[in-house]
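Colleague: Structure here, sequence nowhere to be found:
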């Protein structure tokens, strides 16, 4: 009967451990209950059946937890949780554009210090050198600094 209690506690602990790892990640009630079941199974084995049975129970608990972790790592669950997107950010957004100081264009949006303008047929983000510029206002490129185009009203 004692062996059945220990086996039931280990199976309950491993089942709750699986729930903790697969369904409810983080420290939750399932994780705490799993730890309690496994620890009590080991305590019960040591106190009732002796040290040999206690060490066998301890080994079975450890091997069971390791097996669950290996199963989790080999399953597709980790792949489903992982991020697969890549960022295609370019450090120089003006790399392929032929924009130079003195080019003229039109503000597409209101430049509340930053906005969009069409210069040489390209719509790009620009900064205003002299405050607010309303939309559809003619502008020219005053300077280009660190990938930022600074414009001024014509």
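Modeller: Great, that's in hand. Please read these numbers as outputs of a predicted model, since none were measured by experiment. Numbers count the residues shown, from 1 in each chain.

Colleague: Okay, helices next: where are they in this structure?
Modeller: Taking DSSP state H as the criterion, the chain contains helices spanning 2-18, 29-44, 51-74, 77-81.

Colleague: now these as TSV including distance to residue 147 and mean neighbour count?
Modeller: (Each C-beta comes from the backbone N, C-alpha and C, glycine too.) Formatted as TSV, the helices of the chain follow (distance: least, Cβ to Cβ, whole Å; neighbours: other Cβ atoms under 10 Å):
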stretch	distance to residue 147	mean neighbour count
helix 2-18	51	17
helix 29-44	48	17
helix 51-74	42	14
helix 77-81	35	10
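
Colleague: just for this structure, where's the confidence low?
Modeller: Residues of the chain meeting the criterion pLDDT under 70: 78, 81, 87-93.

Colleague: could you point out the longest strand in this structure?
Modeller: Longest strand in the chain, counting residues (DSSP state E): strand 122-133.

Colleague: to the chain's geometric centre, what's the distance from that one?
Modeller: 34 Å (Cα atoms, centre = their mean, to the nearest Å).

Colleague: do stretch 134-150 as well
Modeller: Relative to the chain's own centre, stretch 134-150 is displaced by 36 Å; criterion: Cα atoms, centre = their mean.

Colleague: What residues of that stretch count as buried?
Modeller: Neighbour-count burial for stretch 134-150 flags 137, 139, 141, 142, 149, 150 (criterion: 16 or more other Cβ atoms under 10 Å).

Colleague: closest to residue 29 among these?
Modeller: Distance ranking of the buried residues of stretch 134-150 against residue 29, using Cβ to Cβ, places residue 149 first at 56.3 Å.

Colleague: quick one: contacts for that closest one?
Modeller: Residue 149 makes contact with 94, 99, 117, 119, 124, 125, 126, 127, 141, according to Cβ atoms under 8 Å, 6 or more residues apart in numbering.

Colleague: Quick check on these: which are buried?
Modeller: For the contacts of residue 149, a burial check counting by 16+ other Cβ under 10 Å picks out 94, 99, 117, 119, 124, 126, 127, 141.
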